[in-house]
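Q: Fold the following, please.
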Amino acid sequence: MLTGSKELIRDINTSLVTDLIIEKGPISRAAIAKELGLTKATISAIVQNLLDRKLVEEIGTAHAPSGRKPVLLNFCYDCAYAISVDVSASHISVLSANLAGGNCNLVQYPTLNSKEHIIEELIACIDKQMKQIKASSYGVIGITLGIHGITNHNQVLFTPYSPYTGIDFASALQTYFNIPVLVENEANLSVLGEYTFHYPIKNMIGISVHTGIGLGIIIDGQLYHGLNGYAGEFGHSIIELDGRMCPCGNHGCFEQYASERAILSELAKIKNLSQVSIDDFVKLYTIKDKDTIHIMDLFVKYMSIGIRNIINTLNPELIVINSSFTMNFPYIIDLIQSSLTSTIHKSCPIVPSKLQDMSILLGGICMSRNNFLC
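A: Here you go, the predicted model:
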């Protein structure tokens, strides 16, 4: 039985009611009371408070065989807006959206990838986006930054492919904009977006394959960070003894063989080219270029090895892969799944990302929403 101060119990119950309306709305007061096991009087008081705060609205009635028709409640997603930013080595993507990820506006800017200029670049990009957001009851309630590296409690601990290690983004942006700023690992935001909008699976993994490889881990419906934010740094697990050098300082890290950057670099080496882009790779693979097919086979091989280890370690209900390769060639998922020979491994479904390039940004909107409502 839950015990505590009246204020604590009230806050917990309000959070439960709000979450249920978001998850299952439109929903009636009676249905909320039944679902949560709370009294009708408690639910009525909480709902009235949410109505007064313009967080919830009444949107009509449901069919009833007899008696009064129950009034349906829905969350007011337009009551506020949030801004989400994907800070990569090559560009800054800025999304503004309501609390459901709707009414969105997305703009992408090139970046100098410079430690000296990144804060002023971010302020300029976010400032432009702020001016495009329409008025709402609560205005802009937060900014979330997705960082391609290790983060912990809003601090950037390590960015292997950008010079952003140690930059206090949160303090700088919060001082300028005077609203809450959250800094989070991009793979965590990616899996949060998938979980919230498409795959409501309580125990799932998101594999983010881009310049590096990261895992977003959802356990019992919550992001898992580990003690110091290092959980999910699967790209830095060793798969080759004395293998390729990694910016983290180790040799043979997984992402030196299976990340998009590693795969494209390997093809460029074989083709004797200075570089190969994703678009180049797609064109070559589409015309069945032998070298490109060979490289893709290596990607499938390494991803299969990695996924076996993930399943053995974390035993998830679902694995979502977010990669340009699986986005352009969805059947690669089937190749990876079929290469998992163990019955244990085959029991875990592997699916492509539904949100693709938007997963980090929409995950950021979710994180700001959760922070606003907590």
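Q: neighbours around G37, how many?
A: As a burial measure, G37 scores 7 neighbours (other Cβ atoms under 10 Å). C-beta: built from backbone N, CA, C; applies to glycine.
Q: so how far is E23 from it?
A: G37 sits 16 Å away from E23, taking Cβ to Cβ, to the nearest Å as the criterion.
Q: again with Y81
A: For Y81, the distance to E23 - Cβ to Cβ - is 21 Å.
Q: between those two, who's got more neighbours?
A: Y81 (27 against 12).
Q: The more buried one reaches L95, doesn't it?
A: No - between Y81 and L95 there is no contact under Cβ atoms under 8 Å: 10.3 Å.
Q: For the stretch 201-350 of the chain, just list every one of the strands.
A: Secondary structure of the stretch 201-350 of the chain by DSSP state E, counting those that start in this stretch: the strands cover 204-209, 213-219, 222-223, 318-323, 350-352.
Q: Format the ones you listed as a markdown table; extra columns: mean neighbour count and distance to I295.
A: Below are those laid out as a markdown table (neighbours: other Cβ atoms under 10 Å; distance: least, Cβ to Cβ, whole Å):
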| stretch | mean neighbour count | distance to I295 |
| --- | --- | --- |
| strand 204-209 | 28 | 14 |
| strand 213-219 | 25 | 16 |
| strand 222-223 | 16 | 33 |
| strand 318-323 | 24 | 14 |
| strand 350-352 | 19 | 20 |
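Q: by how many degrees do the longest helix along the chain and strand 213-219 diverge?
A: When the chain is parsed with DSSP state H, its longest helix is helix 290-314. Put simply, helix 290-314 runs at 30 degrees to strand 213-219, going by axes from the mean of the first three to the mean of the last three Cα atoms, to 10 degrees.
Q: what separates helix 290-314 from the chain centre, distance-wise?
A: Chain-centre distance of helix 290-314: 22 Å, with Cα atoms, centre = their mean, to the nearest Å.
Q: now swap in stretch 319-327 and tell me
A: 13 Å.
Q: same deal with stretch 234-243?
A: 25 Å.
Q: Any idea how far apart the tips of it sit?
A: Stretch 234-243 stretches 16 Å from its first residue to its last (Cα to Cα, to the nearest Å).
Q: Isn't C348 up against L314?
A: No - the criterion here is Cβ under 8 Å, and C348 misses it with L314 at 9.6 Å.
Q: So for R10, what pLDDT did the model give?
A: pLDDT, R10: 88.
Q: actually S342, not the one I wrote
A: 69.
Q: Where do the helices of the protein begin and end?
A: Under DSSP H, the chain gives helices at 6-24, 29-36, 40-52, 118-130, 169-177, 186-197, 255-258, 260-271, 278-286, 290-314, 324-328, 332-338, 343-346, 359-373.
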